[in-house]
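Visitor: For reference, the sequence and a predicted model appear below.
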Amino acid sequence: MDRRIILISVAFLLLLSGCTSEEKSYVSTPPGEVQDFTFQPEVFELTIGELLANASQLSNQYVTTRGTVQETVSTQSYTYARISDGTGEVWVAGPKTELSEGEEVVVSAALVLLGFQSPTLNKTLDVILMVQSFSSGEPYSFHGTTSAPEPANISVERLPGGYTVAEVLERSDELAGSEVSLRAVVVKVLPDILNKTWIHLQDGSVTGKGERELVVTYTGGTQFEVGDRVVVRGVVETNVDIGAGYFFRVLIDDASIEKEM
């Protein structure tokens, strides 16, 4: 599999929200700058024609668009779809999905990449969109929404002798290199990325805006779903740079995770 595709897929470990811009003012990420997942990028809702016309400014930015499927090519893990909306056409890559020619799809919070070399398509694409999922219907609303339940909707009893998510995040420098245990609820699962399952956790302990999910990775055989209550044990790592400009302020890598009934 194309290594660059694998690395870019890590960008979807958090489904980030933002607001549309009436003036469509675009700001590109400076070369070499590290992207911290605790920040929320602005997401522009554009036609494909607007996207293509502003591609150089939108490089490494997030956009939402829609179009009709003209062509698809699938690999073991990914689907490439060429979509058109009458103003232009663009290739989109996402998780393997059954799509039909003529089907209308919405791509939300898609990462814009330029000059992408695709061995699967045997060509270099001037513009491609990397998306977490293909969907139909109205575009996802990015105003005041999050990728997981609000903390107020989650209430988890502290694990005896363990930590809360808020404590791990707030005391990460102190806890770095130490093994911690905690009880939490799974709010997102992304399997088979860099040979790991990436799991996002909340327990209701974080209040206010900003960072409120703890990210852990898992390499065992248990399948987890959103809503599972779990007990996690692992070593806290801080300032983890996994390459391709992607950075985790706090991460528990290769955690031990057990479901609770």
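Guide: Cool, got the structure.

Visitor: the bottom helix or strand of the protein by mean pLDDT?
Guide: Counting by mean pLDDT, DSSP states H and E, the chain has its least confident helix or strand at strand 35-36, which shows a mean of 40.

Visitor: Can you show me the helices along the protein?
Guide: 3-9, 48-53, 55-58, 165-170, 172-175 (DSSP state H).

Visitor: Kindly present those helices as JSON lines, with separate columns for mean neighbour count, distance to Leu129 and mean pLDDT.
Guide: C-beta: built from backbone N, CA, C; applies to glycine. Listed next are the helices of the chain as JSON lines, based on neighbours: other C-beta atoms under 10 Å; distance: least, C-beta to C-beta, whole Å; pLDDT from 0 to 100:
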{"stretch": "helix 3-9", "mean neighbour count": "17", "distance to Leu129": "11", "mean pLDDT": "45"}
{"stretch": "helix 48-53", "mean neighbour count": "18", "distance to Leu129": "8", "mean pLDDT": "92"}
{"stretch": "helix 55-58", "mean neighbour count": "16", "distance to Leu129": "10", "mean pLDDT": "89"}
{"stretch": "helix 165-170", "mean neighbour count": "20", "distance to Leu129": "31", "mean pLDDT": "94"}
{"stretch": "helix 172-175", "mean neighbour count": "14", "distance to Leu129": "33", "mean pLDDT": "95"}
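
Visitor: Quick check: which ranges of the chain have low pLDDT?
Guide: For the chain, residues meeting the criterion pLDDT under 70 lie at 1-43, 136-152, 208-210, 242-246.

Visitor: May I see the domains of the protein written out as residue ranges?
Guide: The chain breaks down by automatic domain parsing into domains covering 3-135, 151-260.

Visitor: ok so, going back, what's the closest of the helices of the chain to Leu251?
Guide: Closest to Leu251 of those, according to C-beta to C-beta: helix 172-175, at 9.4 Å.

Visitor: So which residues make contact with that closest one?
Guide: Helix 172-175 is contacted by residues Tyr163, Val168, Val236, Thr238, Arg249, Val250 when judged by C-beta atoms under 8 Å, 6 or more residues apart in numbering.

Visitor: wait, which of those is closest to Tyr62?
Guide: Of all the contacts of helix 172-175, Tyr62 sits closest to Arg249, with 19.9 Å by C-beta to C-beta.

Visitor: thinking again about what came up before, will you turn the helices of the chain into TSV that also has distance to Leu214?
Guide: Converted to TSV, the helices of the chain look like this (distance: least, C-beta to C-beta, whole Å):
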stretch	distance to Leu214
helix 3-9	20
helix 48-53	34
helix 55-58	31
helix 165-170	5
helix 172-175	10
